[in-house]
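**Student:** Please work out how this folds:
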Amino acid sequence: AGQKKPRYEYSIMHRLSRTLPRLQRSFAQANPKNLRCFSSKKFISQDERYLFDLNGFLVLRNVFSEEEVQRANDAIDQHLELVEERTDPTLRNTREKTPLSGDGVSGRQDLGGMLGWKKPHCDPFRRILCDSRLVPYYHELVGVGYRLDHQPLVILQEKGSEGFCMHGGTIDCTSGQYNQFLAYGCHNGKLVNSLLGVSVQLSDHNEGDGGFMIVRGSHKSNFRMPQSMVDGENYNEHIYQPATKKGDVIIFSEGTVHGAQAWNADHQRRIALFRFAPAFVSYGRAYYPRWNEECYEDMSAEEAAVLEPPYSTRLDRPLLSGEDASVEFIQRKTEKKDHDAKVFKTPYF
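**Tutor:** All right, here's what the predicted structure looks like:
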């Protein structure tokens, strides 16, 4: 009795206490004096760092086991009634009668809301937020304190369904204008991505099947792409469709021009697509004023940390350790928060 509440209650605990009792207990039990400053001890390899800078993407093999992929697919099967097919012409992602448009009738099928599904169906997708096998890549490519930026999306495609014309680029591939929301850079040996795509493969993508395609090195291109290349009509020798197996993960800069070929295989294509941004960057706005309430139900402190809104790591942001993906903090000095509270009537400027 009489003890002061931890200062970091102003942060995530203050905002989520009503709907996140587990998260509240997790943070409240931590003694601020014992919270060590963050330091990541796991890193991607120098080879991977070079290849990402060279190509603008990485293909990680066998990240998830057959059992893990099966659990994700079983969860999807339980929610197929929620799938929305993009058949409205205004929703199609390709120009009519181009190689990427498929049979011209079948559309891409979209499924969202996975983070809010009832347990255990949400678990395979929540895991992608902070899986220790992926966190070192998130830290290296978008930084400590990374955050979920877009609503995660499951994409399904049947044979003949359309792909997606080439899009993205640090220099936007269609306008030729600098795109700070997707930009890639490398500064003093540090890889910097404004937005990172993470595509978990839930079905096999063999050579020639279609699906994800990318232009190697286009994250450093300085000119707009020819329209015929955007539509998949010309210069296909410069477009790469990586062959992948269930459980592989493609990590790519949104500053690298990419798209999707029409699906040609007899089996259904399935991927789970996540987009992450640096702690202080936002492209999407699904987080505002907060993510869907069901996303927080029974969510771990580690998962909830990735759902934080954009703000600096200096301001009591919960961070994931690079060693075991547990939550740590960089504490802002109490004196500074007290001063800001007096000046601004809030503990943060």
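**Student:** Skip the chain neighbours and tell me the closest residue to residue 203.
**Tutor:** Excluding its sequence neighbours, the residue lying closest to residue 203 (Cβ to Cβ, 6 or more residues apart in numbering) is residue 270, at 4.4 Å. (C-beta placed from N, C-alpha, C; glycine too.)
**Student:** Surely the one you found is within a strand?
**Tutor:** Yes: per DSSP: H, G, I helix; E, B strand; the rest coil, residue 270 lies within a strand segment.
**Student:** remind me which residues of the protein are low pLDDT?
**Tutor:** 1-41, 323 (pLDDT under 70).
**Student:** and the spatially most central residue of it, what are its phi and psi?
**Tutor:** The chain has residue 275 as the residue nearest its centroid, 2.3 Å off, counting by Cα atoms, centre = their mean. The phi/psi pair for residue 275 (degrees, to the nearest 10) reads phi -130, psi 130.
**Student:** returning to what we had before: ok, what's across the strand from the residue nearest to residue 203?
**Tutor:** Judged by DSSP bridges, the bridge partners of residue 270 are residue 156.
**Student:** is it true that it touches residue 158?
**Tutor:** No: in this structure residue 270 lies outside contact range of residue 158 using Cβ atoms under 8 Å: 10.8 Å.
**Student:** Just list the residues touching the residue nearest to residue 203, thanks.
**Tutor:** Residue 270 makes contact with 73, 76, 154, 155, 156, 201, 202, 203 under the criterion Cβ atoms under 8 Å, 6 or more residues apart in numbering.
**Student:** Same check on residue 222?
**Tutor:** residue 171.
**Student:** how far away is it from residue 177?
**Tutor:** Separation of residue 222 from residue 177 (Cβ to Cβ, to the nearest Å): 11 Å.
**Student:** joint contacts of those two?
**Tutor:** residue 171.
**Student:** ok, back up a step: which neighbours do residue 270 and residue 158 share?
**Tutor:** Common contacts of residue 270 and residue 158 (Cβ under 8 Å, 6+ apart): none found.
**Student:** hmm, who's touching stretch 108-118?
**Tutor:** The contact list for stretch 108-118 (Cβ under 8 Å, 6+ apart) reads 75-76, 79-80, 82-86, 93, 121-122, 125-126, 129, 151-158, 161-164, 260, 272, 291-295, 297.
**Student:** Select only the buried ones of those in PyMOL?
**Tutor:** A single PyMOL command selects the buried members of those (16 or more other Cβ atoms under 10 Å):
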select buried, resi 75+76+86+93+121+122+125+126+129+151+152+153+154+155+156+157+158+161+162+163+164+260+272+291+295+297
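**Student:** sorry, back to before: residues in contact with the closest residue to the residue nearest to the centre of the chain other than its chain neighbours?
**Tutor:** By the measure of Cβ to Cβ, 6+ apart, the closest residue to residue 275 outside its immediate chain neighbours is residue 150, 4.0 Å from it. Contact analysis of residue 150 by Cβ under 8 Å, 6+ apart lists 274, 275, 283, 284, 286.
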